[in-house]
Structures are given as structure tokens and as C-alpha cells.
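Visitor: let's see this in three dimensions:
(one chain, ligands or ions: 1)
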Amino acid sequence: MIVVLFGPPGSGKGTQSIRVARHLRVPHVATGDMLRAEVARGSALGREAEPLMSTGRLVPDDLIVRMIGARINEPDAAGGALLDGFPRTVPQAKALDAMLGARSLRVDVVVSLRVDDDELRRRVLDRAKIEGRADDTPEAFEQRLRTYGVETAPVLDYYRGMGTRIVEVDGVGEIENITRRITVAIAASGTVVPAK
Ligand code: ADP
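Guide: Okay, here's the model as predicted:
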């Protein structure tokens, strides 16, 4: 089962993805985490990604598609994956469809986490004090929000046009309650959770 967890920066995708992936017993595949690991390693990809990430811009589609293509072909993802932070552009969504199609798979459900912009700003600026992520500065965050609106929000329209199941979940509240809303919404969408 392929689940895409979709939402603006600061919406809690990372936190919720880990919890929901555990519930569904599929690997949590987060392009932001994978890129931060490349940056930490100082690899060629990390060196290319770092200045883009720290200013709230996207890493080029071809690099991301190659990275994710390798990841979802690993054995642990044979039964599916929960994708966090990918696809973030319509070309990435189309590339994902092509990769999955080659394995007779598809995106089963898109979970869209809804959080308004003022709450996003509050959360990210609070997190900045604790985690010190390079892109949690006010300037980088405003750019991430703009990037989201221009490049990422259209991905939801793409899936709508393809007839993919989309569930909208209120992303404000207690962490456990939001996880429950997501897992209930996935179950109610009729997506089959693999038995293991
Ligand atoms: P957030 O959703 O809070 O912005 P992520 O950890 O998902 O955080 O992503 C951090 C940064 O990594 C993004 O701003 C972008 O620069 C880069 N990134 C992550 N995923 C992708 C992707 N699918 N395509 C392009 N760039 C990406």
C-alpha cells in the first residue's frame, strides 16, 4: 500500500508519518530526512541540496526521483511505503506514477493535513528554538510556504484529476488525536491495510 502524507511545511507531516507508518507496518520514506542525511555526509547530492534547502527552495526533480526510485525498490518497501515530503511537484507525482505503474502499483491514498499559515509560522518558529534546523528561520520559512503554494499545492489537484483517493485531516490538536484521525480516515477510505 502506498500512502502519501501531504501538507505544508510545519504541518506535522514528519511527526505523523512516523506514527502512521508504524500503524500501517510500512517503511516511513521521508525525502527531507534522506536529504538531510546526504548533507550531513557531505555527499555530492548533499552539497548540491544544502543551499537550496536552507533557503526554502526545492531540490531538482531528477535528483529526487532517482533517490526515491532507489529507495522504494528496496526489499522493505515491497509491501508499500508511507511517503513524506514526496511528491512535491507535479513532475515528481508523474514520475512516481510511472515507477509504481511498472510494478503494477499506484498511490492508494493521499492524506492531506490541513493547518492554517499562522499556526504553521508559530510552530516552525517554536521548533527553531529547539532543533535549530537551517530552514526554520523566518525568511526561509516564508520561502518554503511560497514554494509550497506554487509548486506543491498543485500536486493535490493532480491527484484529484487522476481520481486518487484524497482524505483531508485537520492537523491542529493533540499529536495522538491527529494520528487517530489519519488512521481512521485511511481505514474509512477503503484502502486495504496489508496483514502481516
Ligand atoms: P518541510 O515539509 O517542513 O519543509 P522536509 O523535511 O520535508 O520539510 O523538507 C525540507 C527541504 O528538503 C525542502 O524545503 C526542500 O528543500 C527539500 N526537499 C524535501 N523533499 C523534497 C522533494 N520531494 N523535492 C524537492 N525538494 C525536497
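Visitor: so in this structure, which strand runs the longest?
Guide: Counting residues, the longest strand found in the chain (DSSP state E) is strand 107-114.
Visitor: is the following helix or strand past that strand up against the ligand anywhere?
Guide: Downstream of strand 107-114, the first helix or strand assigned by DSSP states H and E is helix 117-131. No - using Cβ under 6 Å from any ligand atom, we find that helix 117-131 stays clear of the ligand, coming within 7.5 Å at best. (Glycine included, C-beta is placed from N, CA and C.)
Visitor: how about helix 117-131: buried residues?
Guide: Residues Leu120, Arg121, Arg123, Val124, Ala128 are the ones in helix 117-131 that count as buried (16 or more other Cβ atoms under 10 Å).
Visitor: what's the closest of those residues to the ligand?
Guide: When the buried residues of helix 117-131 are compared for distance to the ligand (Cβ to the nearest ligand atom), Val124 wins out at 7.5 Å.
Visitor: residues contacting the helix or strand of the chain with the lowest mean pLDDT, please?
Guide: Least confident helix or strand, the chain: helix 117-131 with a mean of 92, by mean pLDDT, DSSP states H and E. Helix 117-131 is contacted from outside by 8-12, 115, 133, 136-138, 141, 145, 172, using Cβ atoms under 8 Å, 6 or more residues apart in numbering.
Visitor: re earlier: so is the longest strand of the chain next to the ligand?
Guide: No - Strand 107-114 is not in contact with the ligand by Cβ under 6 Å from any ligand atom; minimum separation 10.3 Å.
Visitor: which elements pack onto that strand?
Guide: strand 2-6, helix 13-24, helix 90-101, helix 153-162, strand 165-170, helix 175-188 (3 or more Cβ pairs under 8 Å, 6 or more residues apart in numbering; DSSP states H and E).
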